[in-house]
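Asks: Here's my sequence, what's the structure:
(chains A and B)
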Amino acid sequence: MNRNELPHPWQPSRRTFLKAALGAAGALSTAGLLSGCTGGVDPHVITLGSRLSDKNAKLGVQDVVGMFQQQTGGAVRINSVDSTSFQENVNNYLQGTPDDVFTWMSGYRMRYFADKGLVDDVSPVWQSHGSGFSDSFREASTGTDGRQYLIPFFYYPWAVFYRPSLWQQRGYVPPKTFDEWVALSKRMQSDGLTPIGFGVRDGWSPFGTFDYLDLRLNGVDFHRSLLAGDVSWTDNRVRSVFDTWREILPFHQPQPLGRKMSEAQQALLNKEAGMLVAGMFVAQSFPAGPDREDLDFFAFPELDSAVGTSAVEAPMDGFMMRKDPRNLEGAQQFLSFLTNADAAVAYAKQDPQAIPAHRDADLSSFPPLVQKSAALVQGAGSITQFLDRDTRPDFASVVMIPAMQQFLGNPNDVDGLVRSIERQKAAVFGQ
Amino acid sequence: MTSTVPSQAGTEPRVPAPKIRRSRGDRWTIAVMLGLPAAIVIGLVWIPTVFTVILSFARWDGIGGTSSIEWIGPQNYVDAVQAYPPFQQALHNNVLWLAFLFVFPTILGIFLAVLLDRGLKGSRLYQSIFYIPVVLSMALVGFVWQLIYSTDGGVLNTILGTDVDWLGNPDVNIWAVMVAASWRHTGYIMLLYLAGLKAIDPSVREAALMDGAGPIRTFFRIVFPLMKPTNLLIIVITVIEALRAFDLVWVINKGRNGLELISALVTANVVGEAGRVGFGSALATIMLVISLVFIALYLWIVMRSDD
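Replies: Next comes the predicted model:
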């Protein structure tokens, strides 16, 4: 059954067929959209594949590209694709004819493609322009071979969000410890509020709560090795995460499995929910003006004083370069430009969820929420990237999302849950 | 007995058909007309199918050439059954989906067709109303019904004054979604059946009436048996609809948490940045085998009815 025993001349055609078969599997149209446009482009033009397709984000990308063209005279063409389609087809996209530079995410999600040799390293850019980024961003941009594959651009920390006007009116104060958090939740409940907004229909949002509980209970090293597949999910430390979660579940918005994250954000906006464990993207669903100004957060409370609260979850997005770009010099020039604080600031001005990743970004003109987010991350002892970027993407989507939903549907069977995760982990990681 | 007739005819001495002289252009046309569809079928159906089956014995993330494929034997099938809880649920849901589509929308569709065929006042209007959902795409049907089922602000909970988690409760959501699917399927069945009814010779019914049969008796004894081709068609369409059910659950929650269907699991495993192509192929192969059972059954019925 070894592939090497196959008759040699058959191999190329088989390879072609495999690709054809995959293509026919339905991805044809979108993959074509993603990659088809780059064919006859002037070699001096730099093409940029962007999944920043939200209305504000698109404006931000345009501003950044405009700045680049003005400063250097280099031409950039933007191919903007809806972010879900981009994500679902990225595999075909990178194996076809991708754009010279494209937007992507940090951590495992970057490392995966770097390991497969589908992208080129950008360490030359890092060597001459990388001083603006913190060590944790360098780490999140580094592949297994020690080279950098991503230019950090912006990040969005996770925390517990709330509306200060409501809290002032009711006299609530941000809790520091778990016990204070529970006490506050009980008070909110007796005041007729839903303490913690919760929407899990789209699947990924409970990762934030899980990550923070694990980080606060077991520390960042354990969290990382758990997600890397090195620790068993049946470990008692994992059970304690779910047990703690079960304690605070009664304070969450009931029936979360039928509610989308966006609906939970709406509950926070409408002051029906007192708090929401979320990322800075919450700001996108708050209309600019008084509503967005009336949004604040506190760090996820402390569970164990020996572990503390220094770990912050702050997924980071940036730019990568395709394998053998048509215009290597231009792509590198563009990426170097993107390492400037000005570029990141110009983008963040348009996209309310984005905090510029550059250390020297001048945030004085930004709203207090953005400044506070930057301070939270700068003061962090360690930064994690969110569950689906800290582990294999297939494990996160195929195993962990259903597992989280299973837990929330039946929080009492932790034993069966962790054993099922461990069994599936073995199948996915191929152990 | 009737099947012997053609063979007898074949043995009779007959004047051979005059040999048609085909020009080069004709031959080219025939070659292209036969060759092209054959190439399309082989290239787009058979070869991918064969490779799907082959890949189901591999562990592969879809990146790189054949050298990155790791052959692991039937392990994917073992994993699907033993270490992949959604799979059992999906099998169960697919069967449930099929049964539900047969029992509710099919019977309702036939009932509506019979009613409309009796020439009610404004039957065209009713016909259009029932048929409109068929025009909508399944994804759109999904969005419409999410507005109805939503827990917090949904129409259904507001009207009923209840607090049911229609889309999130795994015991309820599959039924809720099947109702949404039926909403669309009923109109389809109705239209097909209506067309079939129109094609029945009115004199047959008159004869039944003359013989003193009531409308119910006429329907079950005369009309229904005469509609055999339409009935078969409806069976086939319902089976296909049940097997390819996908869009609705994908729009609602990507086929997770109670809405597992094999088609959704295949997609969830293959699509994305790190596809489990081998595992997804194994699921697809299982789906193919299930479909083949129905195809075989259908062919058997059709062939038998030709006798």
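Asks: The residue in the stretch 151-300 of chain B positioned nearest to chain A in helix, strand or coil?
Replies: Taking CB to the nearest CB, chain A has its nearest neighbour within the stretch 151-300 of chain B at residue B:168, 2.6 Å off. Backbone N, C-alpha and C define where each C-beta goes, glycine included. Secondary structure, DSSP: H, G, I helix; E, B strand; the rest coil: residue B:168 is coil.
Asks: Pretty sure it sits against residue A:260.
Replies: No. Residue B:168 sits out of contact with residue A:260 when judged by CB atoms under 8 Å, with a separation of 10.1 Å.
Asks: Give me the common contacts of the two.
Replies: By CB atoms under 8 Å, 6 or more residues apart in numbering or on different chains, residue B:168 and residue A:260 have these common neighbours: residue A:201.
Asks: Settle it for me: which of the two has more neighbours?
Replies: Shown here are residue B:168 and residue A:260; by other CB atoms under 10 Å in any protein chain shown, residue B:168 has more neighbours (26 against 20).
Asks: Phi first, then psi, for that one.
Replies: Phi and psi for residue B:168, reported as degrees, to the nearest 10, are phi -100, psi -20.
Asks: And the pLDDT for it?
Replies: In the prediction, the pLDDT value recorded for residue B:168 is 91.
Asks: per-residue pLDDT, the closest residue to it other than its chain neighbours?
Replies: Excluding its sequence neighbours, the residue lying closest to residue B:168 (CB to CB, 6 or more residues apart in numbering or on different chains) is residue A:258, at 2.6 Å. For residue A:258, the pLDDT comes out at 92.
Asks: quick one: residue B:156 is in a helix?
Replies: Yes. Secondary structure of residue B:156, determined by three-state DSSP: located in a helix.
Asks: where do the helices sit along the stretch 301-431 of chain A?
Replies: Using DSSP state H, counting those that start in this stretch, the helices found in the stretch 301-431 of chain A span residues A:328-338, A:341-350, A:368-378, A:387-390, A:393-394, A:401-409, A:414-429.
Asks: Comparing those helices, which yields the minimum mean pLDDT?
Replies: Across the helices of the stretch 301-431 of chain A, helix A:393-394 has the smallest mean pLDDT, namely a mean of 85.
Asks: Off-centre distance for that helix?
Replies: Relative to the centre of its chain, helix A:393-394 is centred 13 Å away, using CA atoms, centre = their mean, to the nearest Å.
Asks: can you list contacts of it?
Replies: Counting by CB under 8 Å, 6+ apart, helix A:393-394 makes contact with A:108, A:109, A:112, A:428, B:61, B:269, B:272, B:273, B:274, B:275, B:276, all of which sit outside it.
Asks: cool, and stretch A:141-154?
Replies: Counting by CB under 8 Å, 6+ apart, A:103-104, A:106, A:110-111, A:113-115, A:119-123, A:125-126, A:130, A:133, A:137-138, A:140, A:316-320, A:335, A:338-339, A:343-344, A:347-348, A:351, A:354-358 sit against stretch A:141-154.
Asks: what's the residue nearest to the spatial centre of chain A in contact with, if anything?
Replies: The residue at the geometric middle of chain A, judged as the C-alpha nearest the mean C-alpha position with CA atoms, centre = their mean, is residue A:315 (4.3 Å). Contact criterion CB under 8 Å, 6+ apart gives A:105, A:106, A:107, A:155, A:156, A:158, A:279, A:385, A:386, A:389 as the residues in contact with residue A:315.
Asks: Write a PyMOL command that selects only the buried members of the residues you listed.
Replies: PyMOL command restricting those to the buried ones, with burial defined by 16 or more other CB atoms under 10 Å in any protein chain shown:
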select buried, chain A and resi 105+106+107+155+156+158+279+385+386+389
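Asks: Name the nearest residue to the residue of the stretch 101-250 of chain A found nearest chain B, ignoring sequence neighbours.
Replies: The shortest separation between the stretch 101-250 of chain A and chain B is 4.7 Å, found at residue A:116 (distances taken as CB to the nearest CB). Sequence neighbours aside, residue B:63 is the residue nearest to residue A:116 in space, at 4.7 Å (criterion: CB to CB, 6+ apart).
Asks: count of neighbours near the one you found?
Replies: 20.
Asks: go on, residue A:365?
Replies: Other residues near residue A:365 come to 9 when the count uses other CB under 10 Å.
Asks: same deal with residue A:163?
Replies: Using other CB under 10 Å as the criterion, the residues surrounding residue A:163 number 21.
Asks: could you list every residue that touches the closest residue to it other than its chain neighbours?
Replies: Across the structure, with CB to CB, 6+ apart as the measure, the residue nearest residue A:163 apart from its sequence neighbours is residue A:294 (5.3 Å). Under the criterion of CB under 8 Å, 6+ apart, the contact list for residue A:294 reads A:163, A:164, A:165, A:286.
Asks: so the first one sits right up against residue A:296, yeah?
Replies: If I follow you right, that is residue A:163. Yes. Between residue A:163 and residue A:296 a contact is recorded at 7.5 Å, counting by CB under 8 Å.
Asks: Buried ones in stretch A:322-330, by neighbour count?
Replies: By neighbour count on 16+ other CB under 10 Å, the buried set for stretch A:322-330 is A:322, A:325, A:326, A:327, A:330.
Asks: If we go by neighbour counts, what in stretch A:195-212 is buried?
Replies: By neighbour count, and taking 16+ other CB under 10 Å as the criterion, the buried residues in stretch A:195-212 are A:195-201, A:203-212.
Asks: Give me the subset of those lying in helices.
Replies: Residues from the buried residues of stretch A:195-212 lying in helices, with DSSP state H as the criterion: A:206, A:207, A:208, A:209, A:210, A:211, A:212.
Asks: mind giving me TSV with those and columns for pLDDT and distance to residue B:234?
Replies: Conversion of those to TSV gives the following (pLDDT from 0 to 100; distance: CB to CB, whole Å):
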residue	pLDDT	distance to residue B:234
A:206	96	43
A:207	97	45
A:208	96	48
A:209	97	48
A:210	97	47
A:211	97	51
A:212	97	53
